[in-house]
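1. Just to be clear, the model below is a prediction. Sequence and coordinates:
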Amino acid sequence: MKSLGSIRRDFAPWNDPNAKPYIQFDNVTKKFGDFTAVNNLSLTIFEREFFALLGASGCGKSTLLRMLAGFEEPTSGRILLDGQDLRGIPPYRRPVNMMFQSYALFPHMTVEKNIAFGLKQEGMPKPDIEKRVAEMLKLVKLEQFAKRKPHQLSGGQRQRVALARSVAKRPKVLLLDEPLGALDKKLREETQFELMDLQQELGLTFVVVTHDQEEAMTMADRIAIMDKGEVMQVATPAEVYEAPASRFVAHFVGNVNMFEGKVAERSDKTTRITGATGAEIVVDNTGNAPATGADIVFAIRPEKIKVSSRKPADSVNALEGEVYDVAYLGDMTVYHIRLDDGQMVRASALNAARVTEDPLTWNDRAWVSFRPDAGVVLAR
Amino acid sequence: MNATWSRFNVTSIVLGFAFLYLPIVLLIVFSFNESKLVTVWGGFSVKWYVSLFHNQGLMDATWVTARVGVISATVATVLGTLAALTLTRYTRFRGRVLFSGMVFAPLVMPEVITGLSLLLLFVAVGLDRGFFTVTLAHITLTMCFVAVVVQSRLVSFDRSLEEAAMDLGATPVKTFLQITLPVILPAIVSGWMLAFTLSLDDLVIASFTSGPGATTLPMKIYSQVRLGVTPEINAACTILIAVVAVGVIIASLANKRREAQRQLDEQAAQRG
């Protein structure tokens, strides 16, 4: 069976027409004065899903999260959690907890007290609180830091306390606002995997807001890509990357080459595209391909393009040009090729071998080639 | 830092400190004067301190000042904190600019005017001048100072702390009592101390608004000086200076130690 990207696990309620949505945004709009932060947005999230809201700052992703937590009320539309309309329910009565970007640890309380805070508000008996706090400290491996105050902890430790505090009440949904934003790169990567394990272990629904696409791709079951208060695409990481729904999504996630052109001819299986600058490209038909004569964009990822010094014998799509730039990154090499029609193409090649015979270098003649199923056709 | 003791630096430091502290040093020295003449040194003695404690008038005035200070500072702290909360939290109500202007106006208002207008008010509403009116007047005077101190802390207060508390199930009232108040408490305490100090050394407003039986210490000292300065007054002032100085030193030492401890903790945390 053909599939897009790697398969995470056997969990895809979004493909099941009978699955009941757990969190539901129905035509939600949020305005701050004249500014529309969220514009008529509808979205469904399923139980036990790890869901990411990805977008540049100001795209409305944090507002969406804050509406779910109860810090903002939608201007119009409604938000349902497990079938219950959340309108008018204050944050302290919602079965969701949030982990804040700034961690928002209470500076005058010890780690222990911070974690116990939510449980105390619930009126949980003291022995139970102690048990739960110990359990949480063990979960985030901070047992020996229980008596410390937040300013006596490093950034990574604070992040763990914030996490422990937000899951201590066993919320139905955990909201994470840029949870790893303040950590350095290495710690961030480790923590990504820890968060995923934690989500599996506790069986919670996670909604995470991030501007870091790598973070969203690593952790999430599905990603909603947002721009200007609207959802551009909701899909699995592999779909978002390999089958972007629009130019915006293709550009936003990863690197991409775009060829503008027209549909010249359609057959049963393939479509022939004439580029604006004369190049001819043949692609496999997928889904609802555009009609002949339509203005389209052909989008292809750099790693799907092969670079060679001679014309590949068996390739359907091969375009000739000159090496404009080469960047050696260790694990791979990135080539910028200027095609003879003037179009720049970015191609990356994995450095699978340590030594390359006859490597391509600046100003060499070169051919770029790709398979008919390597890219996607998008509306202009 | 390469601080070189050039002649210029030394001169400016000596001149500067002399300018600031020479009068006070003179006052302290002459409080230990044996002679009754204030400006003639007659040998060392503590007899003026002894007689001070037998001066019923001065002792009464001290007691009045302390009570006025504590009560007015406490009320002003509550009112000033509320004003600061309103001004930082509700930034969009009608007339906010006017309100904040009105809260802070007494900061720059000449004390004579504040005192006179309060006097007119008390006369108009028929309040007998005394302990109650001088306390009220000091609340009016010091409230805006408390508001300024607390507001400057609230501006840097991370609102997500409150959101986190509510998110974890604390009602707004509990959030205020358990999170907001403890975090801004140092600012509230220093606001109270500022208000207390201001009340302690106010002469102008107290003269306008006080009445018989409620003479504050500054009023008492001032009226005695007009009859002629006695070394007893010098002694009283020296004690006042000592009290204020000790208070200031303790406060700054505590602050410094807390800051140093915090830095140590943070370094320890970074290491491991």
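-> Good, I have the coordinates. Numbering: from 1, shown residues only, chains lettered A, B, ... in the order given.
2. any idea which element the residue positioned nearest the centre of chain A lies in?
-> In chain A, the residue lying closest to the centroid (Cα atoms, centre = their mean) is A:A216, at 3.2 Å. Under the criterion of DSSP states H and E, A:A216 resides in helix A:213-219.
3. From the chain's centroid, how far away is that helix?
-> 5 Å (Cα atoms, centre = their mean, to the nearest Å).
4. And the average pLDDT for it is what?
-> Average pLDDT, helix A:213-219: 91.
5. For it, which helices and strands make contact with it?
-> Applying 3 or more Cβ pairs under 8 Å, 6 or more residues apart in numbering or on different chains; DSSP states H and E, one finds that helix A:213-219 contacts strand A:50-54, helix A:185-202, strand A:205-210, helix A:237-242. Where you see a C-beta, it was placed from the backbone N, CA and C, and this is true even at glycine.
6. Put together CSV for those, with mean pLDDT on each row.
-> Formatted as CSV, those follow (pLDDT from 0 to 100):
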stretch, mean pLDDT
strand A:50-54, 95
helix A:185-202, 87
strand A:205-210, 95
helix A:237-242, 92
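7. among these, which is nearest A:R66?
-> A:R66 sits nearest to strand A:205-210 of all the helices and strands packed on helix A:213-219, at 9.4 Å, using Cβ to Cβ.
8. quick one: the closest one to strand A:50-54, angle?
-> If you take axes from the mean of the first three to the mean of the last three Cα atoms, to 10 degrees, strand A:205-210 sits at 20 degrees to strand A:50-54.
9. Strand A:205-210 packs against which elements?
-> Strand A:205-210 packs on strand A:50-54, helix A:61-69, strand A:173-177, helix A:213-219, going by 3+ Cβ pairs under 8 Å, 6+ apart.
10. Can you verify my assumption that A:L43 contacts A:V231?
-> Yes. Under the criterion of Cβ atoms under 8 Å, A:L43 makes contact with A:V231 at 6.1 Å.
11. domain ranges for chain A?
-> For chain A, the structural domains run A:13-95+A:171-251, A:255-379, going by automatic domain parsing.
12. comparing these, which gets the lowest mean pLDDT score?
-> domain A:255-379 (a mean of 88).
13. how far does that domain sit from the chain's center?
-> Between the centre of domain A:255-379 and the centre of its chain there are 25 Å (Cα atoms, centre = their mean).
14. for stretch B:72-84, same thing?
-> Using Cα atoms, centre = their mean, the offset of stretch B:72-84 from its chain centre is 13 Å.
15. And B:I13, how far from chain A?
-> 37 Å (Cβ to the nearest Cβ, to the nearest Å).
16. on that earlier part again, kindly state the beta-bridge partners for the residue lying closest to the residue nearest to the centre of chain A once chain neighbours are set aside.
-> Distances taken as Cβ to Cβ, 6 or more residues apart in numbering or on different chains place A:A52 nearest to A:A216, at 3.9 Å, with adjacent residues excluded. Beta-bridge pairing of A:A52 under DSSP bridges involves A:V208, A:I223.
17. isn't A:A52 right next to A:H211, touching?
-> No. Here A:A52 lies out of contact with A:H211, judged by Cβ under 8 Å, at a distance of 10.6 Å.
18. Same drill for these two, tell me which one is more crowded.
-> Ranked by neighbour count (other Cβ atoms under 10 Å in any protein chain shown), A:A52 and A:H211 place A:A52 first, with 28 against 16.
19. quick one: contacts for the more buried one?
-> For A:A52, the contacting residues are A:207-210, A:215-216, A:219-220, A:222-224, by Cβ atoms under 8 Å, 6 or more residues apart in numbering or on different chains.
20. Who wins on neighbours among the residues you listed?
-> In terms of neighbours by other Cβ under 10 Å, those top out with A:I223 at 28 neighbours.
21. Buried deepest among the domains of chain A, which one?
-> Per residue and on average, the most neighbours among the domains of chain A fall to domain A:13-95+A:171-251, with a mean of 18 (mean count of other Cβ atoms under 10 Å in any protein chain shown).
22. Endpoint to endpoint, that one covers what distance?
-> 28 Å (Cα to Cα, to the nearest Å).
23. chain center to it: distance?
-> So, by Cα atoms, centre = their mean, the centroid of domain A:13-95+A:171-251 is 10 Å from its chain's centroid.
24. helix, strand or coil for A:V377?
-> At A:V377, secondary structure determined by DSSP: H, G, I helix; E, B strand; the rest coil is strand.
25. near chain B, which residues of the stretch 1-150 of chain A?
-> Applying Cβ under 8 Å from any Cβ of the partner chain, one finds that the stretch 1-150 of chain A approaches chain B through A:69-71, A:90-93, A:96-98, A:100-102, A:104, A:106-108, A:117-118, A:121-122, A:149.
26. Now intersect these with the strands, please.
-> Per DSSP state E, strands hold the following members of the residues of the stretch 1-150 of chain A next to chain B: A:96-98.
27. Let me have these in CSV, adding pLDDT, distance to A:L339 and neighbour count as columns.
-> Converted to CSV, those look like this (pLDDT from 0 to 100; distance: Cβ to Cβ, whole Å; neighbours: other Cβ atoms under 10 Å in any protein chain shown):
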residue, pLDDT, distance to A:L339, neighbour count
A:V96, 94, 52, 22
A:N97, 95, 53, 25
A:M98, 95, 49, 30
